[in-house]
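*Asks:* sequence and predicted structure are below.
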Protein chains: 6
Amino acid sequence: MSEVANTFKSRIFHDLDFDKPGKQTGYLRVPQSREGGAWSVIEVPIAVINGGNGPAVLFTGGVHGDEYEGQIAISRLARQLDPASVRGKIIMLPAVDLPAALAGRRMCPIDGRDFNRCMPGDAHGSFCQMLAHFIETTIMPQVEVSVDVHAAGNSMEAALCSIMHRVDDPKIIERTQALAENFAAPYNVLFWGVDEGGTVAASAERNGALSISTEIGGYGRVRPDAVRIAERGLDNVLKWMEMIDGNPDTAQPDGGRTKQMQVRDQKSYLFAPSDGLFEPRFLPEQQIQTGELAGYLHFIDEWAREPQPIEFQIDGYIWMAPGSGRVKKGDVMAVIMQDFV
Amino acid sequence: MSEVANTFKSRIFHDLDFDKPGKQTGYLRVPQSREGGAWSVIEVPIAVINGGNGPAVLFTGGVHGDEYEGQIAISRLARQLDPASVRGKIIMLPAVDLPAALAGRRMCPIDGRDFNRCMPGDAHGSFCQMLAHFIETTIMPQVEVSVDVHAAGNSMEAALCSIMHRVDDPKIIERTQALAENFAAPYNVLFWGVDEGGTVAASAERNGALSISTEIGGYGRVRPDAVRIAERGLDNVLKWMEMIDGNPDTAQPDGGRTKQMQVRDQKSYLFAPSDGLFEPRFLPEQQIQTGELAGYLHFIDEWAREPQPIEFQIDGYIWMAPGSGRVKKGDVMAVIMQDFV
Amino acid sequence: MSEVANTFKSRIFHDLDFDKPGKQTGYLRVPQSREGGAWSVIEVPIAVINGGNGPAVLFTGGVHGDEYEGQIAISRLARQLDPASVRGKIIMLPAVDLPAALAGRRMCPIDGRDFNRCMPGDAHGSFCQMLAHFIETTIMPQVEVSVDVHAAGNSMEAALCSIMHRVDDPKIIERTQALAENFAAPYNVLFWGVDEGGTVAASAERNGALSISTEIGGYGRVRPDAVRIAERGLDNVLKWMEMIDGNPDTAQPDGGRTKQMQVRDQKSYLFAPSDGLFEPRFLPEQQIQTGELAGYLHFIDEWAREPQPIEFQIDGYIWMAPGSGRVKKGDVMAVIMQDFV
Amino acid sequence: MSEVANTFKSRIFHDLDFDKPGKQTGYLRVPQSREGGAWSVIEVPIAVINGGNGPAVLFTGGVHGDEYEGQIAISRLARQLDPASVRGKIIMLPAVDLPAALAGRRMCPIDGRDFNRCMPGDAHGSFCQMLAHFIETTIMPQVEVSVDVHAAGNSMEAALCSIMHRVDDPKIIERTQALAENFAAPYNVLFWGVDEGGTVAASAERNGALSISTEIGGYGRVRPDAVRIAERGLDNVLKWMEMIDGNPDTAQPDGGRTKQMQVRDQKSYLFAPSDGLFEPRFLPEQQIQTGELAGYLHFIDEWAREPQPIEFQIDGYIWMAPGSGRVKKGDVMAVIMQDFV
Amino acid sequence: MSEVANTFKSRIFHDLDFDKPGKQTGYLRVPQSREGGAWSVIEVPIAVINGGNGPAVLFTGGVHGDEYEGQIAISRLARQLDPASVRGKIIMLPAVDLPAALAGRRMCPIDGRDFNRCMPGDAHGSFCQMLAHFIETTIMPQVEVSVDVHAAGNSMEAALCSIMHRVDDPKIIERTQALAENFAAPYNVLFWGVDEGGTVAASAERNGALSISTEIGGYGRVRPDAVRIAERGLDNVLKWMEMIDGNPDTAQPDGGRTKQMQVRDQKSYLFAPSDGLFEPRFLPEQQIQTGELAGYLHFIDEWAREPQPIEFQIDGYIWMAPGSGRVKKGDVMAVIMQDFV
Amino acid sequence: MSEVANTFKSRIFHDLDFDKPGKQTGYLRVPQSREGGAWSVIEVPIAVINGGNGPAVLFTGGVHGDEYEGQIAISRLARQLDPASVRGKIIMLPAVDLPAALAGRRMCPIDGRDFNRCMPGDAHGSFCQMLAHFIETTIMPQVEVSVDVHAAGNSMEAALCSIMHRVDDPKIIERTQALAENFAAPYNVLFWGVDEGGTVAASAERNGALSISTEIGGYGRVRPDAVRIAERGLDNVLKWMEMIDGNPDTAQPDGGRTKQMQVRDQKSYLFAPSDGLFEPRFLPEQQIQTGELAGYLHFIDEWAREPQPIEFQIDGYIWMAPGSGRVKKGDVMAVIMQDFV
């Protein structure tokens, strides 16, 4: 994690030449000792399509293993795209946290970490840290644009959207919003004041790349419409970057464009005040108001404790709805988005 | 599980008098030794509302802990119903497998069992077996009607419905369909040839009670509309049984009535032929046809293995859609229902 | 567990001859397949001291692995006792649930069971069941008296005592009280209406043996004074049964005799109404009264929830005090004993 | 487990017709609820080759999941054998305890059981019990001969052999030895006085079938020579039973025949007297003598405790050598076989 | 852990203003992704009572989750203290390692760490590391005095005491002893040569604050007398610092004052030489002598191994007695304190 | 892991004086808090034999806990060697990762790490990290030669050998090969381009010591011949270094000397392309050729998937054979060595 640690060189090996023309599909081999596998490696799938002169883009899926739409869209794109039709370089990692993806879990089952908190990684650290270090130091510096496809996971359902961080430079905000409008999810949500540092998006920003993520899906299942949005979005980005021929299709079902939204502060998050069973009274995209009843927290095991009513703290629209009836104190029961201003 | 074992008497104790008039809320205390709790008990909530002359009904929720709509609707009913307005006896167990309900899991975390495979239970067995034995021998014999509210759980999403078993006596089928039409979920699904024996429904049948279950919900979240269906359904049943005043409200959004459906044989089930990531191309209630593409099974970790197309084997409508992108060989990826004939 | 199952013969083997004169120390070998040990056996220590004509007695310790005083006292007795000084037969199992004893746990780490709920066992069942079956069918029929030394375990601390069940025959009660008075713990507690059936004590009763258990210790540590009480008690029983020379030493520190107490009904048990941190205001042996403040249940993680005062429900003396600050709903926070009448 | 339980009918379903001519490969579908798979089934591979008139035989592999030679030989036979060349019926289960086989473990990861202690099973029990019940009641009654291919597993290495139980009828012993000589492993070992009851072999005997098992392999790896012995053995059995053309090849590398051996009593087993690191001084097949040094038990963590020399208790040959340096008290460190007399 | 890592800013957020007058009760919100809770936070309770001009003090409890007296005393103080009666600032963290406190465990169940080895923490590390970093960098710099209330935990029982480190500056020792005498536990124990660096006490010292810890309790239960000592001690400290009115009550039951003791070197610790069952022959506070029998280590599973006598290595008084009968090689079976000289 | 972290001083304590003449056997005491053992230490055995003037050597075993030959050979040497016969200093750690050695596992059960990836360690890190830091900073700087005895472990079997890294200085290569030839395993294998950094060998190199490791054994069992090779090898090294009298015995069974081999690049490793059951067709030491059939990968659970043939990619000899039938994608199924050139 420290700069000192990063002076070690990566233990990951592979057969790819990032500058070779054509299509290569292969694996990042991450050494991983385990009981019964002293010299085993974890093989993380990677594809590089190199069509010569042009920009470079990174598409990542499966950063969380319980988010599937990006895994499907990116691996399908890697299989189907003809390198002869491409200008520039497309690096695709359809299932970054592969052990988590195979387990259908958010956290990596090898080291128990959330990959999206592990950047910039550590060359001699755990599985996620080694892989994060490789992406931070070997892949990110190659690209101008990064699209990291998330899908809300088991624990939430999202109003289908792309997301971006608020940064200081208004030009970068503007250009990122243009990227998002061309990805063309129904919503694009800008975040204020988030400074995780450990995310793939933060890594892209540190490396000077334009960056969006997405939240298209939820409840840990595969939404057929969200797969379509992911596929169109990636295709659109390549067109917008003039890496393949054609114009982006940015139409929305209601005839409009991607809606620009924002999530500004802690009041946007509704935290569970106790463990319990939360009965929500809303769905994603619904408009809600300050003081409106968000739902009830039930204490199903104690007759002596009445259900607790929960209220919204600001006006807006439901961005994230809860993914499980059972919540623990401090869990997010809703996140509210507002019109971007 | 054997009759011999059942000659032991129940170790469960409680303070309830099932014949006492009025409302009692309390607990079935199931002895459960554990590290740090030598003489602990698990307190399973139970309510009895006894309004004098009239029939007796059992409402159960939380037989699977990751199914919440029934837990909410039944505990709310138990709190709100005035015993003075009731004829007969209502026994309510809003969270039967309480440890599973508190954990938000299908399987009981105490003994690892699926409660709905444990009837008729064993007085000296594990937690689920002891509780099953109590329900089989003490509660079921008291009631004429049993409604067991399920909600599809984490691993599936259902076309919202009640369900019933096919039995030999056509009068019982007819009367059960009437019960289901008065519960008034959008669909009522009849099963052919299922003989689990271990379910709450089977216990009801063994004890001569009319029995429906439901599948209203899915993905392990709480659907606001499904809570409404559960609440209306329980209220309707009480009205239909003339235990409270009023007429059942059985209207459906499309103006019609509950649709009578059936699931007849093994072809109705689409089993995963390998482990993989399943991309479905359908949603619950959608009409599908034999040979139509159900989706693709992706092998996200192996570039050398093409996604495998999956086809439907019969005509019908989607009854159950998959709840997780990741499937294991032998998992159900879809269940098809057909019009009842 | 059923009679049918018991028609299988025991899989346990050993080298002991229960009728051979002299001292034998050896093992009951219980077959137990595990990963890395296909044909392994668990070796449960057993000693038989056979001094010819006279009665037979069974001393058991370590039925719960977190109760140590009996393990120490019985294994010391087995090592030190000279068979030439003994009349009759002493069978000693110092650590019945050996895997639990080696782990310092209440529940058997092999099969997750509480051994003292497993009698009469099952010849083809799990580890505890196989061993219980052997004790029920091979050992218990040999003895006239059974003393099962418990010590309250990790989760409680006891007012040091022997315990016995209330049975219908007053002569057996009387004779068991005489046995207890000669064991000479500070208290002897009689239980009303307990019918577990699965305990070693119940097995003794089924087999027509006189039976006491003890609760001498607590908190999972070894109390030096409780080891002394156990040692004197076993020695006293042998003297009282005239199996060794000498008169029982039944003196108590206050100059009196063992106090005869009882625990009569459910009101004697103080169950935790919620999960929380329980602050008791009492110690074992203290006198308490109905309505007196037993302590506070704290909800340390929620500022919004005030500590809940807990009151005693009957008069009496503290028999069991809680062993851990953290309690779960349904845990026993205290048990009250009253003078035997 | 009891006869009472066995009155339930099997919950396992399949598409096979055991009497249909030709080759069928399919699955026994064992219902198995789990988190994330409410209605999942475990698909246990089964093949039936039916060539019309002739006897019936059962070949089973993977009863223990860490024994691989049988899984390979039987599934290869099932794929390659032409039903047109077969007389009678061959039922093949190459990986009986499939979850254990996929995990490479002895014990079933679903229910923690050793499948070979689960016969005759229980129709409403755990995974192994349900499957055992199906084999006991549906498959065994169909066959005259049963060959259950084991391979010593992770925890031991065997002198490659077939094994059989001593039974009372000398004609059955003779006929079983003939079967074993035609299977033609280097050794055939007869066991005295074993009465597990729970094994596949015991099930065959209960059902009146001739039965051998094998132990060809060890240390959990795949021995190329042991695969060859398994393949030849199964082929030989079919020839000996005249189900396929040809004569059995029973030659041994030394020009002789299968050696008939026996394991007669408990002295044949060398149990570890303490936990430790066992340094053996022998290999399988080696001749050893009473009192000879078998090895040293080291206590690597305690300088104060000298290594303990271990001696053999009878004369004979090493049949089973230990599979792991670490042993626990009661583990088998060696089993000795002697010439059959 | 490194200085480099500490250049990241804390991810913890909260609503408190440490300089605002009056009482605030709230939470430190520590982001913690988990399965089923992508954006969850752990809410660590904190209270700040700010009465204007005066010194600042930090009271911490629940640094180890199995030590309860501090949790009770500090949360009660936070609820009951009137800010109008206070001069200066009191920061109270009644349950620092909240997940451990709710689990009743020493080690944090989130990351498996002992919080009291995690200072100075890491802003991008695990739960304990993030929280340690916040306390080290945000809270400790604010205070002049730190009292960290421990209670010996599940694995030991203490002679009730405060403890302090030996530091080089005799004035700091003197002033810390004065602090301890005003806290007024029965004993105050000074440690020689401990340099953990990772403790809360070490953090206080690094930040220039006067620091004591305590060990008041043991065996993981709540001692009523220890709660009283904690409550009086905290009240006394506030009086001694003149933050509230009144004089400290430092009387001891024997009429004397807090006894000043010390633990000087490794001979003070009695380590278990093997795994076994330890039978102690002493209690906390008892005087013991070099060579005196401390107890016996029993090997309950091996008849061939005699119990091993254990002797004390120095003169002194029992400070820590063992909490469990079962010990592992290297466990502490006793710690001896001596008069401070 | 970083240099910053290494500024903390070691928390490990011990009673050894590395410069004291004679033999000392004792323990490195590594503080390790756990549930039930707040102040416990892990006692790692260490012996120092100091015979005055002469060089210093380090012998390590049990760096992986499932490799036993070194544990046996080194602890036996430590017990048997007379310090009066020694010149110089021998430091012996027979079971470095003691918790792993006691568990018979590769990975440390305390922190889940592979000790041989943990050098140079961290004074405030986990168990392996603390111990690695101590060896790196306190032990390695004392010695001129390091021999780290490995034995392939549970997951592989080796052609019995010593191993060494290729370094830039040809004189060091030459001298290391001389060391290896005097250790006199059947093979000595030189590795190209490995830069783990985390191994004991790498630590030796960093500290300027001559270094070999070994791989003598496999499958997790103890090979009697491999114990002899280890014992002779250590004795030989002491003779070659003139630390004891006598000449090394370097004879091989075939009359020749240790064969010098090499493993040059990634083609030497045969990685599993999918999860499956691997049937190898070779044994260690066998000569193989490019394109030759290495074995078949079986998919035992899917009739629809044919076994996949696997071919060797280079010529050479089998160095490592697989240890388990079950392999996971990315596991090593074979490693090929070639003649050293």
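*Replies:* Cool, the structure landed.

*Asks:* was I right about A:Asp301 contacting B:Pro99?
*Replies:* No - under the criterion of CB atoms under 8 Å, A:Asp301 lies out of contact with B:Pro99, with a separation of 9.5 Å. Every C-beta, even on glycine, is put in place using the N, C-alpha and C of the backbone.

*Asks:* and the contacts of the helix or strand harbouring A:Trp319?
*Replies:* For A:Trp319, the element it lies in under DSSP states H and E is strand A:316-322. Residues outside strand A:316-322 that contact it (CB atoms under 8 Å, 6 or more residues apart in numbering or on different chains) are A:152, A:155-159, A:161, A:187, A:189, A:215, A:218, A:261, A:263, A:268, A:278, A:280, A:282-288, A:331-338, B:221-222, E:39.

*Asks:* which of the residues you listed fall in strands?
*Replies:* Counting by DSSP state E, the contacts of strand A:316-322 place A:156-158, A:161, A:187, A:189, A:215, A:261, A:263, A:278, A:280, A:287-288, A:332-338 in strands.

*Asks:* out of those, which are buried?
*Replies:* Among those, the ones that count as buried by 16 or more other CB atoms under 10 Å in any protein chain shown are A:156-158, A:161, A:187, A:189, A:215, A:261, A:263, A:278, A:280, A:288, A:332-338.

*Asks:* output stretch A:261-272 in CSV with nothing but the alpha carbons.
*Replies:* What follows is the C-alpha trace of stretch A:261-272 in CSV, where atoms were taken according to Å, rounded to 0.1, in the frame of the first residue of the first chain:
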residue,chain,number,x,y,z
MET,A,261,-28.1,13.9,-11.6
GLN,A,262,-26.1,14.3,-8.4
VAL,A,263,-25.6,13.0,-4.9
ARG,A,264,-24.3,15.7,-2.8
ASP,A,265,-24.0,14.9,0.9
GLN,A,266,-24.6,12.5,3.8
LYS,A,267,-28.3,13.4,4.0
SER,A,268,-28.7,11.5,0.7
TYR,A,269,-28.0,8.3,2.5
LEU,A,270,-30.6,6.6,4.7
PHE,A,271,-28.8,4.5,7.3
ALA,A,272,-30.5,1.8,9.3
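
*Asks:* pLDDT of that stretch, averaged?
*Replies:* The average pLDDT within stretch A:261-272 is 93.

*Asks:* check whether it comes near chain B.
*Replies:* No - for a cut-off given as CB under 8 Å from any CB of the partner chain, stretch A:261-272 has no contacts with chain B; the smallest distance is 12.9 Å.

*Asks:* cool, and stretch A:29-41?
*Replies:* No - using CB under 8 Å from any CB, stretch A:29-41 stays clear of chain B, with a minimum separation of 12.4 Å.

*Asks:* neighbouring strands - and their directions - for the strand holding A:Trp319?
*Replies:* strand A:156-158 (antiparallel), strand A:287-288 (antiparallel), strand A:332-339 (antiparallel) (DSSP bridges).

*Asks:* whichever helix or strand comes after that strand packs against which elements?
*Replies:* Counting by DSSP H and E, the next helix or strand C-terminal to strand A:316-322 is strand A:326-327. Using 3 or more CB pairs under 8 Å, 6 or more residues apart in numbering or on different chains; DSSP states H and E, the elements in contact with strand A:326-327 are strand A:276-280.

*Asks:* now what about the strand it packs on, what contacts it?
*Replies:* Applying CB under 8 Å, 6+ apart, the external contacts of strand A:276-280 come out as A:272, A:294-300, A:307-308, A:310, A:321-322, A:325-327, A:333-334, B:68, B:71-72, B:101, B:222, B:224, B:227.

*Asks:* list only buried entries from those residues.
*Replies:* Judged by 16+ other CB under 10 Å, buried ones among those: A:272, A:294-300, A:307-308, A:310, A:321-322, A:325-327, A:333-334, B:68, B:71-72, B:101, B:222, B:227.

*Asks:* point me to the residue of the stretch 151-300 of chain A nearest chain D.
*Replies:* Chain D sits closest to A:Gly220 of the stretch 151-300 of chain A, with a gap of 8.9 Å, by CB to the nearest CB.

*Asks:* burial check on A:Arg281, number of neighbours?
*Replies:* 15 (other CB atoms under 10 Å in any protein chain shown).

*Asks:* kindly report the residues of chain A close to chain E.
*Replies:* Applying CB under 8 Å from any CB, we find that chain A lies next to chain E at A:1-4, A:64, A:105-107, A:114, A:117, A:152-156, A:195-198, A:266, A:269, A:271, A:320, A:323-324, A:326, A:328-332, A:335.

*Asks:* any quick ChimeraX command for the buried ones out of those?
*Replies:* Selecting only the buried entries of the residues of chain A next to chain E in ChimeraX, with 16+ other CB under 10 Å as the criterion:
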select /A:1,2,4,64,105,106,107,114,117,152,153,154,155,156,196,197,198,269,271,320,323,324,326,328,329,330,331,332,335
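
*Asks:* which SS class is A:Ile110?
*Replies:* Secondary structure for A:Ile110, judged by DSSP: H, G, I helix; E, B strand; the rest coil, is coil.

*Asks:* got the contact list for A:Arg326?
*Replies:* Counted by CB under 8 Å, 6+ apart, A:Arg326 has contacts A:275-278, B:68, B:102-104, E:36.

*Asks:* give the contact list for the residue nearest to A:Trp240 when sequence neighbours are not counted.
*Replies:* Spatial nearest neighbour of A:Trp240, chain neighbours left out: A:Asn182 (4.0 Å); criterion: CB to CB, 6 or more residues apart in numbering or on different chains. Applying CB under 8 Å, 6+ apart to A:Asn182 gives the contacts A:236-237, A:239-240, A:248, A:250.

*Asks:* now the helices: where do they sit in the stretch 1-150 of chain A?
*Replies:* Secondary structure of the stretch 1-150 of chain A (DSSP state H, counting those that start in this stretch): helices located at A:69-80, A:98-103, A:127-134.

*Asks:* where does chain A dip in pLDDT?
*Replies:* Within chain A, the ranges that satisfy pLDDT under 70 run A:1-8, A:193-196.

*Asks:* for the stretch 1-150 of chain A, what lies in contact range of chain B?
*Replies:* So the stretch 1-150 of chain A meets chain B at A:25-27, A:43, A:45, A:47, A:62, A:66, A:68, A:71-72, A:75-76, A:79, A:94-95, A:98, A:101-104 (CB under 8 Å from any CB).

*Asks:* which of these are buried?
*Replies:* A:25, A:27, A:43, A:45, A:47, A:62, A:66, A:68, A:71-72, A:75-76, A:94-95, A:98, A:101-104.

*Asks:* coming back round to it: helix or strand: which one has the residue nearest to A:Trp240?
*Replies:* Per DSSP H and E: helix A:170-183 holds A:Asn182.

*Asks:* buried residues in that helix?
*Replies:* Using 16+ other CB under 10 Å as the burial criterion, the residues of helix A:170-183 that qualify are A:172-173, A:176-177, A:179-183.

*Asks:* pick the one among those closest to E:Asp122.
*Replies:* For the buried residues of helix A:170-183, the minimum distance to E:Asp122 (CB to CB) is 29.6 Å, reached by A:Ile172.

*Asks:* any idea how far B:Asp82 is from the closest residue to the closest one other than its chain neighbours?
*Replies:* Of all residues not flanking A:Ile172 in the chain, A:Leu210 sits nearest, at 7.4 Å (CB to CB, 6+ apart). According to CB to CB, to the nearest Å, A:Leu210 and B:Asp82 sit 63 Å apart.

*Asks:* and for A:Tyr317?
*Replies:* 39 Å.

*Asks:* between those two, which one's more packed in?
*Replies:* Using other CB under 10 Å as the criterion, A:Tyr317 and B:Asp82 rank with A:Tyr317 on top: 18 against 10.

*Asks:* relative to E:Ser274, how far out is that one?
*Replies:* For A:Tyr317, the distance to E:Ser274 equals 66 Å [CB to CB].

*Asks:* same thing with A:Lys329?
*Replies:* From A:Lys329 to E:Ser274 the distance is 44 Å (CB to CB).

*Asks:* what of A:Trp192?
*Replies:* Distance from A:Trp192 to E:Ser274, by CB to CB: 60 Å.

*Asks:* so for the two, which residue has more residues nearby?
*Replies:* Between A:Trp192 and E:Ser274, counted using other CB under 10 Å, the more crowded position is E:Ser274 (17 against 11).
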